[in-house]
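**Student:** below is the sequence, then the predicted model.
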Amino acid sequence: MEELEAEKAASEEKKVHYLGEKIPPLQLSSLNIDDLQHLHAKIDVADEERYDCEAKVYKNNRDINELKLKVLDLGGKFKKPALRKVRVSADEMMSALFGTRTKESVDLRSNLKSVKKENIKQEKELTMEVGDWRKNVEAVSGMEGRKKMFAGGVQ
């Protein structure tokens, strides 16, 4: 950090020394009003040119950054081709996946889990038997329900 500050100070000294050699200091006390106005107009023109140059540099830097981003985006992407609908049989699909050229027919349905229809019917019947739970609660609630529970358990 100290070296950077030293470099900045050295460059400022060089700049001041160079400008002191090339441009003599202004003697404004000896100038009349017309000369001062003429000098002021020249300063305005130079300031406008400086502002225009700064705006161009800023715009060019922004354009360069945008183009760099576009190049980076395009570098990693490629256009995907449009896919076509293709009808492929199971045998052709298996040969394409595993690279086998044999004509063995593979039964893909044999690997699927089988569901028994009887179990589904039994589950539906069980849910139908339970019915409304509130009726069951009303029947068991109160002393009569408790007597039924104990009487049922004793017999």
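**Tutor:** Yes, it's here.
**Student:** which one's the longest helix in this structure?
**Tutor:** Ranked by residue count under DSSP state H, the longest helix found in the chain is helix 33-76.
**Student:** following element in sequence after it, please.
**Tutor:** helix 90-98 (DSSP states H and E).
**Student:** can you give me the buried ones in that next one?
**Tutor:** M94, S95 (16 or more other CB atoms under 10 Å). C-beta here means a position set from N, CA and C on the backbone, and glycine is covered the same way.
**Student:** CA atoms only: put it into CSV for me.
**Tutor:** Presented in CSV, the C-alpha positions along helix 90-98 are these (Å, rounded to 0.1, in the frame of the first residue of the first chain):
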residue,chain,number,x,y,z
ALA,A,90,-39.3,-52.7,-26.0
ASP,A,91,-36.8,-55.0,-27.7
GLU,A,92,-35.3,-52.2,-29.7
MET,A,93,-35.1,-50.0,-26.6
MET,A,94,-33.4,-52.7,-24.6
SER,A,95,-30.9,-53.3,-27.4
ALA,A,96,-30.2,-49.6,-27.6
LEU,A,97,-29.7,-49.3,-23.9
PHE,A,98,-27.6,-52.4,-23.3
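**Student:** now do it, average pLDDT.
**Tutor:** Along helix 90-98, the predicted local confidence has a mean pLDDT of 78.
**Student:** so which elements touch that helix?
**Tutor:** Judged by 3 or more CB pairs under 8 Å, 6 or more residues apart in numbering; DSSP states H and E, helix 90-98 has no packing partners among the helices and strands.
**Student:** all further residue positions should be reported with the first residue as 843.
**Tutor:** Taking 843 as the first residue, the last one we looked at is helix 932-940.
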